[in-house]
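Provided below are the primary sequence and the corresponding predicted coordinates.
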Amino acid sequence: MIPELGHFLLILALGVALAQGALPLAGAHRGRADWMAMARPLAWAQFALVTASFVCLTVSFVQYDFSVLYVASNSNSATPLAYRMAGVWGGHEGSLLLWLFMLNVWTVAVAGFSQRLPKEFLARIIGVLGLVSVGFLLFTLITSNPFERLIPAAADGRDLNPLLQDPGMVVHPPMLYMGYVGFSVAYAFAIAALLGGQLDNAWARWTRPWTTAAWIFLTFGIGLGSWWAYNELGWGGWWFWDPVENASFMPWLVGTALIHSLAVTEKRGSFKVWTVLLAIMAFSLSLLGTFLVRSGVLSSVHAFATDPRRGLFILAFLVIAIGASLVLYAWRAPKVGLGQRFGLVSKESMLMVNNMLLAVATGAVLLGTLYPLFLDAMGLGKISVGPPYFDTVFGMLMAPLLLMMGIGPLVRWKNDDATSLARRLRWAAPLSLAAALAVGWANGRISPVATGGLALAFWIVASLVVDLRERLRPTGHATSLLGRARLLPLAMIGMMVAHFGVAAFAFGVAMVKTYEIERDVKMGPDTRTELNGYTFRMLSMREVEGPNYAAVRGQIEVSHGGKVIAMLQPEKRIYRVQNNPMTEAAVDSNMLRDLYVSMGEQLPSGEWVVRVQHKPFINWIWAGCLIMMLGGVLAASDKRYRVRQTRTVDYAGMADGGRA
């Protein structure tokens, strides 16, 4: 009865979502306060129904209900509990239910924490989110029902995909989807503003913390996915430019541009039309990425042919959601003013360049991801667009972006003096280059590409030091250093922390891509190999049994300078149900380097092919992601986002060109 209950709850949620989408929007249009007042209760009602349905599916997995087709396809009686629960979102149908659940979490968060917004504006926001939910509920109920019965029930399940049986899988999809779905809030704010003609600085201020929150979750989800792939896939890569990765990376790039564009709209009243378009595009790319990944289009362009209903629904939903938004945008955008003028050397100009580079980078990733699929679908042949294209094009676009990241925070609003700016940064560039050359020399090889990447990382840090030093300079407001630091807005501190995270990320990328070393060797008991001063000695190989797999586990002793520093245990697993071989790498990790060992195939001689790798500073990549997240949290916590805002702004007060 639990599956039937879960399905019935989704049907009820559809009815509530229809009311949530219709009543508040109609009430805001007609000035009916009673209809607008229904927005919050309807949002909470839909949240309760979808949550209960999600719990029903989870219970079906926990209780081994193999009479449910989705459960039988993604779990097994021997699957550990954590991975049975992860199986809830391990396939297409369950991932859509997770999408719905996250959407409702964001909706009730907006309903609960935005009570100070004008009632018409809040009603429109919740109404738009209700309409988005209607689309997902229809898609789930018509083409992707996770509660479909299997008659007769299976004796046992097919097990979860072995690739997904990793602790990272338990956390990665929910965090990624929180980021994906979070951009629906920015989208709803934008559509509500277009409907009400309220594109002003207050709208931007209301939107910024929600956009930043979505960006934080998406950053965490992408970073965790990279770490999961690095540890799980067995060959030591941290980013593959795989279409699935690109599908999440594109909304992140546009979301990053949106955060910076919102800052200009809030502070100066400029970029309003562009900011709204970015909000629409961030959500549109989230929709595109989610549906492309889960529809199978990225793994096969013929996936629509295997399920025509699903493919047609995907296309219809994308056309309606994106097309209607762009039509509304085209109708309203010409009526929006251009905002305040600004000079060539100004913070607005720097942020405009930032936005343009991020937009072009998104387009380059989108082209490289979809172009091969388009050619294949049109019968024009198969091509592969891989890392060489993405590394070259993306690297060329990111280099000027990192350069501007060091300059932008130091420039004043409206207009600034280029000579004064150059004088303030006169030591940053040579010191950054000297530090990059010193790092290359210390690692035994100076690479032009690595030197450029390292110099840009040090450049960001040097400019942050200059910026912080100027902001902490003694003034009449506070005499102590701590007192002056306390006067800095949290949003400003968050920006600095996030930019430092980008520098740490860039440093890690430059180091690992230039100085990593790997070697494939044959190893058996009591054999050894040397790599970059480390000795890897195979002590033994033995068979081990897991809950749903059998494995061969190596015991490898790692020594350096004559001292044993680690004992690594890589495995080669065979999952019993699906009979899939999987490589479980073993990693000895610290902030200076990773020692990465993975097992390949067994040779006729009884020895194994073993890959050993030395990866300098690779953990700075994920540390950079965490630091960026911390910066986002600090920025979103700024007190000015927690007080009621008016719709007026004194631009005259900014005429002095302040940098805040």
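It's in.

secondary structure element holding the closest residue to residue 463 other than its chain neighbours?
In space, and not counting its chain neighbours, residue 463 is closest to residue 406: 3.6 Å by C-beta to C-beta, 6 or more residues apart in numbering. C-beta coordinates here come from the backbone N, C-alpha and C atoms, glycine included. For residue 406, the element it lies in under DSSP states H and E is helix 387-407.

same thing with residue 541?
Applying DSSP H and E, one finds residue 541 within strand 534-545.

what lines up beside that strand in the sheet?
Using DSSP bridges, strand 534-545 pairs in its sheet with strand 527-531 (antiparallel), strand 549-560 (antiparallel).

coming back round to it: mind listing what's buried along the helix holding residue 406?
By neighbour count with 16 or more other C-beta atoms under 10 Å, helix 387-407 contains the buried residues 389-390, 393-394, 397-399, 401-407.

same check on stretch 503-520?
Buried residues in stretch 503-520, counted by 16+ other C-beta under 10 Å: 503-516.

how about the residues you listed, which pair is most distant?
The distance between the two most remote of the buried residues of stretch 503-520 (C-beta to C-beta) is 19.9 Å, for 503 and 516.

in the chain, where is pLDDT below threshold?
In the predicted model of the chain, residues 291, 294-311, 337-339, 377, 475-479, 642-660 satisfy pLDDT under 70.

the strands in it, which residues?
Shown for the chain, the strands assigned by DSSP state E span residues 517-523, 527-531, 534-545, 549-560, 563-568, 571-575, 580-584, 586-589, 593-602, 608-616.

what's next to the fourth one, contact-wise?
Which is strand 549-560. Applying C-beta atoms under 8 Å, 6 or more residues apart in numbering, the external contacts of strand 549-560 come out as 162, 523, 533-545, 564-576, 582, 584, 586, 588, 595, 597, 599, 602, 608, 610.

quick one, which of the residues you listed are buried?
162, 523, 534-538, 541, 566, 568, 570-573, 575-576, 582, 584, 586, 588, 595, 597, 599, 608, 610.

mind listing what's buried in stretch 56-72?
Within stretch 56-72, the residues that count as buried by 16+ other C-beta under 10 Å are 56-58, 60-61, 64-66, 68-72.

hmm, back to that, would you reformat the strands of the chain as JSON lines and include distance to residue 627?
Output for these, formatted as JSON lines (distance: least, C-beta to C-beta, whole Å):
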{"stretch": "strand 517-523", "distance to residue 627": "27"}
{"stretch": "strand 527-531", "distance to residue 627": "30"}
{"stretch": "strand 534-545", "distance to residue 627": "28"}
{"stretch": "strand 549-560", "distance to residue 627": "29"}
{"stretch": "strand 563-568", "distance to residue 627": "27"}
{"stretch": "strand 571-575", "distance to residue 627": "32"}
{"stretch": "strand 580-584", "distance to residue 627": "29"}
{"stretch": "strand 586-589", "distance to residue 627": "18"}
{"stretch": "strand 593-602", "distance to residue 627": "19"}
{"stretch": "strand 608-616", "distance to residue 627": "19"}
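
compare those and give me the one nearest residue 443.
The minimum distance between residue 443 and the strands of the chain falls on strand 608-616, with 7.3 Å, by C-beta to C-beta.

output the contacting helices and strands for that closest one.
Here strand 608-616 touches helix 490-515, strand 517-523, strand 527-531, strand 534-545, strand 549-560, strand 593-602, going by 3 or more C-beta pairs under 8 Å, 6 or more residues apart in numbering; DSSP states H and E.

hmm, try it at 7 Å
Judged by 3 or more C-beta pairs under 7 Å, 6 or more residues apart in numbering; DSSP states H and E, strand 608-616 is in contact with helix 490-515, strand 517-523, strand 527-531, strand 593-602.

which residues touch the shortest one?
This means strand 527-531. 517, 519, 521, 523, 535-538, 612, 614 (C-beta atoms under 7 Å, 6 or more residues apart in numbering).

and the residues you listed, which two are furthest apart?
Spatial extent of the contacts of strand 527-531 (C-beta to C-beta) is set by the pair 517 and 538 at 19.0 Å.

to residue 256, which of the strands of the chain lies closest?
Between residue 256 and the strands of the chain, the shortest separation by C-beta to C-beta is 26.4 Å, and it involves strand 608-616.

now the angle between strand 527-531 and that closest one, please.
30 degrees (axes from the mean of the first three to the mean of the last three C-alpha atoms, to 10 degrees).

so who does residue 36 touch?
By C-beta under 7 Å, 6+ apart, the contact list for residue 36 reads 24, 27-28, 119-120, 123.

which residue packs closest to residue 194, ignoring adjacent ones?
With sequence-adjacent residues excluded and distances taken as C-beta to C-beta, 6+ apart, residue 194 is closest to residue 332, at 4.5 Å.

residue 28 versus the one you found, what's the distance?
15 Å (C-beta to C-beta, to the nearest Å).

neighbour count winner among the two?
Counted by other C-beta atoms under 10 Å, residue 332 and residue 28 do not tie: residue 28 has more neighbours, with 26 against 18.

the more buried one is in contact with residue 122, isn't it?
No. Judged on C-beta atoms under 7 Å, residue 28 makes no contact with residue 122 at a distance of 8.9 Å.

against residue 536, how distant is residue 596?
Taking C-beta to C-beta as the criterion, residue 596 is separated from residue 536 by 11 Å.

correction: the previous question concerned residue 326.
From residue 326 over to residue 536 the distance is 57 Å, taken as C-beta to C-beta.

same deal with residue 428?
Distance from residue 428 to residue 536, counting by C-beta to C-beta: 42 Å.

how about the spatially most central residue of the chain, what does it touch?
Geometric centre of the chain, nearest residue: residue 218, 2.8 Å, by C-alpha atoms, centre = their mean. Going by C-beta under 7 Å, 6+ apart, residue 218 touches 176, 179-180, 248, 251-252, 255.

residue 101 now?
By C-beta under 7 Å, 6+ apart, the contact list for residue 101 reads 50-51, 54.

rerun at 10 Å
Taking C-beta atoms under 10 Å, 6 or more residues apart in numbering, we find residue 101 in contact with 47, 50-51, 53-55, 57, 88-89, 174, 177, 181.

over to residue 16?
41-50, 130, 133-134, 137.

out of the residues you listed, flag the one nearest to residue 365.
Of the contacts of residue 16, the one sitting nearest to residue 365 (C-beta to C-beta) turns out to be residue 133, at 28.4 Å.

count of neighbours near the closest residue in space to the closest one that isn't next to it in sequence?
Distances taken as C-beta to C-beta, 6+ apart place residue 17 nearest to residue 133, at 4.3 Å, with adjacent residues excluded. Residues within reach of residue 17, counting by other C-beta under 10 Å, total 31.

didn't residue 17 look like it was pressed against residue 24?
No. Taking contacts as C-beta atoms under 10 Å, residue 17 lies outside contact range of residue 24: 11.8 Å.

what is in contact with these two at once?
Taking C-beta under 10 Å, 6+ apart as the criterion, residue 17 and residue 24 both touch 42-43, 129-130.

select from those the one having the most neighbours.
When neighbours are taken as other C-beta under 10 Å, the top entry among the shared contacts of residue 17 and residue 24 is residue 129 (31 neighbours).

how close does the closest residue to residue 73 other than its chain neighbours sit to residue 71?
Of all residues not flanking residue 73 in the chain, residue 158 sits nearest, at 5.5 Å (C-beta to C-beta, 6+ apart). Relative to residue 71, residue 158 is positioned 10 Å away (C-beta to C-beta).

cool, residue 105 as well?
Distance check for residue 105 against residue 71: by C-beta to C-beta, it reads 24 Å.

from the strands paired with strand 534-545, which stretch is densest packed?
strand 549-560 (a mean of 18; mean count of other C-beta atoms under 10 Å).

check contacts around residue 134.
Counting by C-beta under 10 Å, 6+ apart, residue 134 has contacts 13-22, 46.

what subset of those is buried?
13-14, 16-22, 46.

does residue 615 touch residue 509 like I think?
No. Judged on C-beta under 10 Å, residue 615 makes no contact with residue 509 at a distance of 11.5 Å.

who touches both of these two?
If you check residue 615 and residue 509 against C-beta under 10 Å, 6+ apart, the residues they both contact are 238, 621.
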